[in-house]
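In: Need coordinates for the following:
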Amino acid sequence: MGFPGTWMTQSESVVYRVVPKCACSTIGQVMYYSDHGRFFDGDIHDSTKGLHKWAQEESQPLIEANVKAHKSYAFTCVRNPYTRVLSSFFDKICGIQRNGKRYRGNLVPMLVQKYGVEVGGDDGQAEFDQIASFRRFLLFVRDTIRFRKPMEPDIHWSAMAGHISTFIVNGGRYDHIFFTEDFNDGMQVVLNNMKMKHKVDLKTIPRFNESEGHGPKRLHPVEDYFDDLSRHLMWEIYKRDFQLFKYDFENPANKLPKGPVDLDEVHAKLGD
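Out: Down below sits the predicted model:
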């Protein structure tokens, strides 16, 4: 199986396991800058040179050798499950993607037809009941993850624990897992542990939020989207994410974790 979703700088200064919707665009650009002294022109997910990625065949033996020998500092980044799944909804379901089309072709029409989800019309700009539509989307998310119907779960809303575990199961070990909500402090720990060709100042670099502007703006506070049933579904889908990464399940309004990630616990629970 190898190391899907794993990126490594060309200089092999650091290894990163991508978790979608968790600042991955900014992290990738920081890694790229640290080697080349400039940012990649475009969405870093589209780069095919300048950064080793598991999806690039020629990078695979280099990443595998590095990770299995733990040659470089390895890290990943997580995010509150409540805000992560909301972000997936507004970006991937309501938004028009950068190719000018809907995400995954017939996915949105199927959601409209089978689950009664509204997405703001053809361009995502019309008014609609965001709360009702999101809750219906969440039911669909549960169906994909629990029953793998009407489709396999998408990487943008499948549990973070699942992404993070592949790295461990296949022989990798994390040195650091930090929070999107405390990005600068967490990423600074990574920078302090890698040899950079070009220094990165986190206070001055732009945030590469490639999904911003794709979809309608969220009109309500996070907690308004999650009634009792929605929270029940969230626990069913993301129980391990809340527990392992210390997020507050009881209070959707609190986006901050309740404590640091216990790396030993993560490796023990996700390594089997």
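In: buried sites along stretch 108-122?
Out: Going by neighbour count (16 or more other C-beta atoms under 10 Å), the buried part of stretch 108-122 is V108, L111, Y115, V117, E118, V119, G120. C-betas here are computed from N, CA, C, even on glycine.
In: Determine which two of those residues are furthest apart.
Out: Maximum pairwise distance in the buried residues of stretch 108-122, criterion C-beta to C-beta, is 15.5 Å, between Y115 and G120.
In: so what's the backbone phi/psi at the closest residue to T76 other than its chain neighbours?
Out: Nearest non-adjacent residue to T76, counting by C-beta to C-beta, 6 or more residues apart in numbering: R17, 4.2 Å away. The phi/psi pair for R17 (degrees, to the nearest 10) reads phi -100, psi 110.
In: Give me the distance between R17 and M194.
Out: 15 Å (C-beta to C-beta, to the nearest Å).
In: more crowded one of these two?
Out: Each of R17 and M194 has its neighbours counted (other C-beta atoms under 10 Å); R17 has more, 25 against 18.
In: ok, the more buried one touching C24?
Out: No. With contact defined as C-beta atoms under 8 Å, R17 does not reach C24; the gap is 9.8 Å.
In: List the contacts of stretch 108-115.
Out: I93, R102, V117, E118, V119, R136, F137, L139, F140, P150 (C-beta atoms under 8 Å, 6 or more residues apart in numbering).
In: tell me the contacts of the last one?
Out: Under the criterion of C-beta under 8 Å, 6+ apart, the contact partners of P150 comprise M110, K114, F140, D143, T144.
In: now do Y225
Out: Y82, L86, Q130, I131, F134, R135, P252.
In: ditto for Y82
Out: V222, Y225, F226, M234, Y247, P252, K255.
In: can I assume the last one sits in a helix?
Out: No. Going by DSSP: H, G, I helix; E, B strand; the rest coil, the assignment for K255 is coil, not a helix.
In: Could you measure from it over to K68?
Out: Taking C-beta to C-beta as the measure, K255 falls 35 Å from K68.
In: Please identify which of these two sits among more neighbours.
Out: Shown here are K255 and K68; by other C-beta under 10 Å, K255 has more neighbours (16 against 13).
In: unless I'm mixing things up, the more buried one is touching P81, no?
Out: No. Applying C-beta under 8 Å as the test, K255 and P81 come out as separate, 10.1 Å apart.
In: okay, the nearest residue to G121 once chain neighbours are set aside: pLDDT?
Out: In this structure, G121 finds its nearest non-sequential neighbour in F128, 7.8 Å apart by C-beta to C-beta, 6+ apart. With respect to pLDDT, F128 has a value of 95.
In: which residues in the stretch 151-272 of the chain form helices?
Out: 160-169, 183-192, 228-244, 263-270 (DSSP state H, counting those that start in this stretch).
In: Point out the one among those that comes closest to I177.
Out: Closest among the helices of the stretch 151-272 of the chain, once you apply C-beta to C-beta, is helix 263-270, at 6.6 Å.
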